[in-house]
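S.K.: can't give you the sequence, but here's the structure:
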């Protein structure tokens, strides 16, 4: 069976999806750093915490405000969006899994939730897909060699180890910013 035409088409499709997900990731990253509400509505929830926080009077300022370690903006009278980092170019370590956070005040408590960026997840998935298609094509080529299959476990290790390494750090950062916002909102 000849895999070259089908495999080449599969690789091109995977590569186009990878590039498109990279573009989406940049748009999403810029939007959530600019605290645009649409960027905070999507992505898997990885952080959810409730804490006591008295309801405050309606917050009318929609301007971006800074805390010691992050940025936030009220998008509704009882809801704020936030992210870690005061500036785009800082000296602190940045990871690919920066958590997009929201705080919603209800009935004397605040619900803090954090989501992973969708673009980062898509880039990781399509990176793995490209690596898988390429390594299979290389292994099954006419003069192919199985030595190219090392790419697949390396790509899987890279993709799946990034989350467990950086997610605890990002959760601590998000909770620190949320705590600063809750203290500032009192």
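M.R.: Received the coordinates, thanks. It should be emphasised that the depicted structure is a prediction, and the values quoted were computed from it without experimental measurement.

S.K.: quick check: longest helix of this protein.
M.R.: Using DSSP state H to define each element, the chain has its longest helix at helix 151-185.

S.K.: Please identify the buried residues of stretch 71-78?
M.R.: The neighbour-count check on stretch 71-78 (16 or more other C-beta atoms under 10 Å) flags 71, 72, 73, 74, 75 as buried. From N, CA and C alone the C-beta is placed, and that goes for glycine too.

S.K.: And for stretch 14-21?
M.R.: For stretch 14-21, by 16+ other C-beta under 10 Å, it's 14, 17, 18, 21.

S.K.: closest to residue 40 among the residues you listed?
M.R.: Nearest to residue 40, judged by C-beta to C-beta, of those is residue 21 at 19.0 Å.

S.K.: Grab the nearest non-local neighbour of that closest one.
M.R.: Counting by C-beta to C-beta, 6 or more residues apart in numbering, residue 21 lies nearest to residue 122, which is 3.7 Å off, once chain neighbours are set aside.

S.K.: Please, which helix or strand holds the one you found?
M.R.: helix 118-140 (DSSP states H and E).

S.K.: same for that helix, what does it pack against?
M.R.: helix 4-33, helix 151-185 (3 or more C-beta pairs under 8 Å, 6 or more residues apart in numbering; DSSP states H and E).

S.K.: so how far is it from its chain's centroid?
M.R.: Put simply, helix 118-140 sits 18 Å off its chain's centre (C-alpha atoms, centre = their mean, to the nearest Å).
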